[in-house]
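Trainee: build the 3D model from these lines:
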Amino acid sequence: MGGLFFLLASFYIGQTGFLHIFFGGFKRLSSLIVPRSRAQERADERIAEAYEWRDWKEVWLKRCKLIFLGAGGGSILYSVILLWVLS
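Mentor: Now for the predicted structure:
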């Protein structure tokens, strides 16, 4: 049960953007070590400008969060009920 709580907490922390600064530093370091090609920069710009893709991704991310939160909550509830019945 502790593992499930840790997984949900880490998922929430990842969604808040708390670690973006930390990972941004690694991104800058990697760009210094391995330079990016112009084609890769153009592809990244096109992906960043694709609003339909971004909206679709956000909708599905919200749906998946609800599904996994429901499954995790149901699993915790099932475990608590099972412990209550068996004790």
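Trainee: please count neighbours and contacts with C-alpha atoms only from this point.
Mentor: Fine.
Trainee: how many residues are close by residue 38?
Mentor: Residue 38 has 9 neighbouring residues, counting by other Cα atoms under 10 Å.
Trainee: distance of it relative to residue 51?
Mentor: 22 Å (Cα to Cα, to the nearest Å).
Trainee: what about residue 40, neighbour count?
Mentor: The burial count for residue 40: 10, using other Cα under 10 Å.
Trainee: got a pLDDT number for it?
Mentor: Per-residue confidence (pLDDT) for residue 40: 85.
Trainee: find the helix or strand that it is a member of.
Mentor: If you go by DSSP states H and E, residue 40 is part of helix 38-49.
Trainee: what is the rounded mean pLDDT of the helix or strand just after that helix?
Mentor: Per DSSP H and E, the first helix or strand lying C-terminal to helix 38-49 is helix 51-86. In this model, helix 51-86 carries a mean pLDDT of 87.
Trainee: show me what counts as buried in helix 51-86.
Mentor: 72, 76 (16 or more other Cα atoms under 10 Å).
Trainee: angle of that helix against helix 38-49?
Mentor: 70 degrees (axes from the mean of the first three to the mean of the last three Cα atoms, to 10 degrees).
Trainee: tell me how far helix 51-86 lies from the chain's centre.
Mentor: Chain-centre distance of helix 51-86: 13 Å, with Cα atoms, centre = their mean, to the nearest Å.
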